[in-house]
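Student: Predicted structure and sequence below. I'll ask about it afterward.
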Amino acid sequence: MSLTLTQFFPWQLQPLFFEGGIFAFVLVAVFLGQWGCHYRYKKFRQWFQRALLWACVAALVAVGVDYAYQKNMGHLKDNTLNLVQAQSQRRHNQQADRDKTSRQKIAQMVMRQAQKGLEKQGFVAIPSRYILLPIYNDAYTNQGLDAGADYANRSGVDPLGQQKPVMGQGNYGLAGHNFNDGKTGFSALQESNNRNAPYLKNGRLKGSFWLTGKSVILANATGLYEYEITGQTTVDKTDVNVLNPTDQPSLTIISCLFPSTQYRIVTHAVFKKHETWQAAPQKLIRLFNLRVQNTNAHVNWWNPGVEEGANGDAGGTKK
């Protein structure tokens, strides 16, 4: 059984172990390098002092870089994540193009009941933000939110959520965690990691159009539902009116704002079209091939669990 660092140490302390590792590595490397070059001379104290100096310099640089990354200075974290995620997604898409899994099998993986006590609604994919999450039926408990995305249906006109939302009809609400890491849950829908701007400026709630025109694809047993993002707004966490019925089929995605968690980022999208599993283009089908695509519902420090994608049980195909 393999164990990750997060299973031994709290996630907040992991940078200390990383920087300590750099210090130790540089200390040993420089000392051995000095010894290898001057092994005839017994200047161990001088060699150790030089090694210690370089190790301290390396550790200080590592601390500075880590601080800048965590604070997202100069959008360092945003740019790094986008680069890494783009390269990873290209690789997964290439694997999906070569994979021979049938459309029927992909549809079955999408609708597989992978969480006890929850009802599977399907999947959501936001390709431009590398998001792929299962959709379950309970956005109002930790069990539901910890499993992935969930439909949210407690609105101003239906406070008890008695009306079950239907993909492609009315205002389909989704809710999910923002883990403030730019990749897990709906974290990637926040324009800049760990920054309130542009959603909150001078105490006033604002919006953003950085995702306008991007696609959101929902999938269930009947096929794929394509939506187009029209913008983002920011509301207080108690505002449920964003889930009120709409005249035209639409999608409303709700996630937290970080670091001001009393507010919610609301991503709005309008319905474009529905296609069956047999008729949908291959570029959309491959988004949901869980044998090769990673899902991003879990993070070890909050809601550890088995992912439903290739980085977990691959849609139930891994035993």
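Tutor: Thanks, I have the structure now.

Student: can you give me the helices for the stretch 51-200 of the chain?
Tutor: 76-98, 103-110, 142-147 (DSSP state H, counting those that start in this stretch).

Student: what's the closest of these to Ile126?
Tutor: Ile126 lies closest to helix 76-98 among the helices of the stretch 51-200 of the chain, at 11.5 Å (Cβ to Cβ). No exception for glycine: its C-beta is placed from N, CA and C like everyone else's.

Student: Show me how far the closest one is from its chain's centre.
Tutor: 13 Å (Cα atoms, centre = their mean, to the nearest Å).

Student: How about stretch 92-108?
Tutor: 22 Å.

Student: what does it contact?
Tutor: Here stretch 92-108 makes contact (Cβ atoms under 8 Å, 6 or more residues apart in numbering) with 219, 221, 277-278, 282, 285-294, 310, 315.

Student: hang on, the earlier thing: compare the mean pLDDT across the helices of the stretch 51-200 of the chain and name the weakest.
Tutor: Mean pLDDT is lowest for helix 76-98 among these, at a mean of 87.

Student: who wins for proximity to Val235 among the helices of the stretch 51-200 of the chain?
Tutor: helix 142-147 (17.9 Å).

Student: what's next to that closest one, contact-wise?
Tutor: Residues contacting helix 142-147 (Cβ under 8 Å, 6+ apart): 115, 117-118, 134, 136-139, 150, 175-177, 297-298, 302-303, 305.

Student: Now stretch 197-217: buried residues?
Tutor: Tyr199, Leu200, Leu205, Ser208, Leu211, Lys214, Ser215, Val216, Ile217 (16 or more other Cβ atoms under 10 Å).

Student: Next: stretch 84-103.
Tutor: In stretch 84-103, counting by 16+ other Cβ under 10 Å, buried: Gln85, Gln89, His92, Asn93, Ala96, Thr101, Arg103.

Student: where does the second one sit relative to Thr184, distance-wise?
Tutor: Meaning Gln89. Distance check for Gln89 against Thr184: by Cβ to Cβ, to the nearest Å, it reads 15 Å.

Student: so where's the stretch 151-300 of the chain uncertain?
Tutor: In the prediction, the stretch 151-300 of the chain carries no residues with pLDDT under 70.

Student: Quick check: Leu205 touching Tyr263?
Tutor: Yes. Leu205 is within contact range of Tyr263, at 6.8 Å (criterion: Cβ atoms under 8 Å).

Student: shared neighbours, these two?
Tutor: Residues within reach of Leu205 and of Tyr263 at once, by Cβ under 8 Å, 6+ apart, are Tyr199, Thr234, Val235, Asp236.

Student: Now do the contacts for the first one.
Tutor: Shown here is Tyr199, whose contacts under the criterion Cβ under 8 Å, 6+ apart are Gln190, Glu191, Leu205, Lys206, Gly207, Ser208, Gln232, Thr234, Leu257, Tyr263, Ile265.

Student: what's the closest non-adjacent residue to Trp302?
Tutor: Phe179 (6.6 Å; Cβ to Cβ, 6 or more residues apart in numbering).

Student: what about Ile253, which SS state?
Tutor: Three-state assignment for Ile253 (DSSP: H, G, I helix; E, B strand; the rest coil): strand.

Student: Next, the contact list for it, please.
Tutor: Neighbours of Ile253 in contact, by Cβ under 8 Å, 6+ apart: Gly173, Leu174, Ala175, Gly176, Phe186, Leu189, Val216, Val266, Thr267, Ala269.

Student: Go again with 10 Å.
Tutor: 124, 126, 131, 149, 152, 172-176, 186, 189, 216, 227, 229, 232, 242, 264-269 (Cβ atoms under 10 Å, 6 or more residues apart in numbering).

Student: can you check Gln89 too?
Tutor: Pro127, Ser128, Tyr130, Leu132, Leu287, Gln293, Asn294.

Student: ok, now Val216?
Tutor: So Val216 contacts 124-129, 131, 174, 225-229, 251, 253, 267, 269-272 (Cβ under 10 Å, 6+ apart).

Student: That one - nearest residue in space that isn't next to it in sequence?
Tutor: With Cβ to Cβ, 6+ apart, the residue lying closest to Val216 is Tyr227, at 4.4 Å.

Student: how near is that neighbour to Lys71?
Tutor: 33 Å.

Student: do Thr230 as well
Tutor: 31 Å.

Student: okay, now Leu290: neighbour count?
Tutor: By the criterion of other Cβ atoms under 10 Å, Leu290 has 30 neighbours.

Student: I'd guess it is in a strand, am I close?
Tutor: No. Looking at Leu290 with three-state DSSP, it is coil, so not inside a strand.

Student: That one and Val306 touch, don't they?
Tutor: No. Counting by Cβ atoms under 10 Å, Leu290 stays clear of Val306, with 11.9 Å between them.
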